[in-house]
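Peer 1: Next comes the sequence, and after it the predicted model I'd like to discuss.
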Amino acid sequence: MIPLNADALNDPALPWHVTVLDETGSTSDWLKERAADLPVGTVVFTESQTAGRGRRDNRWIAPRGKDLMFSLLLKPDAPLERWPRITTLAALAICKAIETELPLQPRIKWPNDIYLQDRKLSGLLAETVSVRGSMLLILGIGLNVNTVEFPPEITATSLLREVHSPALAELDRNTLANRLLEALHADFQRLEDDFSGAVGEVRTRSWLMGRQIRAKAPQGEFFGRVLDLTEEGHLVLEFADGRTHTLTSAEEVRAVK
């Protein structure tokens, strides 16, 4: 196992302040508990996470030292109503970082997952927190890197598993983490400038486009075919009767046959 190295991950050309933990319950909770005393741009990675979670409090399970589990403390320079764009930009950045390093074509499963070969590769969870009267955003990211075996009830994969190279025992997580931090910084600059262009890049990487889906949203449950993404990155559905509906968020999205 090649351990994560904070010195290797702290690039002076980037705005991140990187810490690497041996173990924690959740990197996002770790940031929440310390947000008042940490600078914006703090990024915490961990080798082992005992209480990682995704949307709807689903657990994110990863063996020690195999994958990338990290959270970022952000204060986006935009009105609060535009902060959901961060998840869209982060998903795009993850795809681009992977494409830079490996001969793979990850796809974005709206609203917050990355897929490879119809299996989950990565998940994101954005949460706001109030610190001394100021709102901050904590973005948690989990990326399966070197895990090759998953519980049968989990439809997941990893980068190492999809590279299909018997001679390769391990991918260097430090290199991947550096590419991720570079790509996240670059694409976060598009929050107010060229976000529609970023959505265009997301559109070409959409895993859901053209699929029939079932979505559980705050307004109810929806069945339809995915037509497009709006300029805000929201999902456009077409119902069986030809009507369309735009989903701005969803708790669960599943493709159906």
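Peer 2: Nice, thanks for sending it over. Numbers count the residues shown, from 1 in each chain.
Peer 1: List the residues that contact the residue sitting nearest the centre point of the chain.
Peer 2: Note on the chain: the residue nearest the mean C-alpha position is L124, at 3.3 Å, using Cα atoms, centre = their mean. The contact partners of L124, by Cβ atoms under 8 Å, 6 or more residues apart in numbering, come to 87, 90-91, 94, 112-113, 139-141. C-beta: built from backbone N, CA, C; applies to glycine.
Peer 1: ok, it to L136 distance?
Peer 2: According to Cβ to Cβ, to the nearest Å, L124 stands 16 Å off from L136.
Peer 1: related to what we said a few turns ago, who does the residue nearest to the centre of the chain bridge with?
Peer 2: With DSSP bridges as the criterion, L124 is bridged to I141.
Peer 1: D113 contacts L125, doesn't it?
Peer 2: No - proximity of D113 to L125 does not meet the contact threshold set by Cβ atoms under 8 Å, at 10.4 Å.
Peer 1: Going along the chain, name the strands of the protein.
Peer 2: Counting by DSSP state E, the segments of the chain that form strands are 17-24, 42-49, 68-74, 107-109, 113-116, 119-131, 134-143, 212-217, 220-229, 235-238, 244-247, 252-255.
Peer 1: between the third one and strand 134-143, how big is the angle?
Peer 2: Going back to what we said before, that points to strand 68-74. 160 degrees (axes from the mean of the first three to the mean of the last three Cα atoms, to 10 degrees).
Peer 1: what's the closest non-adjacent residue to H245?
Peer 2: Leaving aside its sequence neighbours, H245 sits nearest to L237 (Cβ to Cβ, 6 or more residues apart in numbering; 5.0 Å).
Peer 1: Redo the contacts of L124 as JSON lines? Include pLDDT.
Peer 2: Output for those, formatted as JSON lines (pLDDT from 0 to 100):
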{"residue": "T87", "pLDDT": "98"}
{"residue": "A90", "pLDDT": "98"}
{"residue": "A91", "pLDDT": "98"}
{"residue": "I94", "pLDDT": "98"}
{"residue": "N112", "pLDDT": "95"}
{"residue": "D113", "pLDDT": "97"}
{"residue": "L139", "pLDDT": "98"}
{"residue": "G140", "pLDDT": "98"}
{"residue": "I141", "pLDDT": "98"}
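Peer 1: Going through the residues you listed, which ones are buried?
Peer 2: Buried residues within the contacts of L124, defined by neighbour count using 16 or more other Cβ atoms under 10 Å: 87, 90-91, 94, 112-113, 139-141.
Peer 1: what two of the residues you listed are the furthest from one another?
Peer 2: D113 and L139 (14.2 Å; Cβ to Cβ).
Peer 1: returning to what we had before: let me know the closest of the buried ones among the contacts of L124 to N178.
Peer 2: Out of the buried ones among the contacts of L124, the member with the shortest distance to N178 (by Cβ to Cβ) is I94, at 13.4 Å.
Peer 1: show me what contacts that closest one?
Peer 2: 106, 114, 122, 124, 141, 143, 180, 183.
Peer 1: List only buried entries from these.
Peer 2: Looks like those have 106, 114, 122, 124, 141, 143, 180, 183 buried, using 16+ other Cβ under 10 Å.
Peer 1: The fifth one contacts L121, doesn't it?
Peer 2: No - contact criterion Cβ under 8 Å: I141 and L121 do not qualify, at 11.3 Å.
Peer 1: Pull the residues that contact stretch 97-113.
Peer 2: Contact partners of stretch 97-113, identified using Cβ under 8 Å, 6+ apart, comprise 54-55, 87, 91-92, 94-95, 114-116, 120-126, 159, 162-163, 171, 175-176, 179-180, 182-183, 202, 205-208, 229, 233, 235, 249-250, 253.
Peer 1: I should have written stretch 167-185 there, sorry.
Peer 2: Under Cβ under 8 Å, 6+ apart, the answer for stretch 167-185 is 1-2, 4-5, 8-9, 11, 14-16, 18, 43, 45, 67-68, 70, 72, 89-90, 93-94, 96-98, 100-102, 141, 143, 145-146, 159-160, 163.
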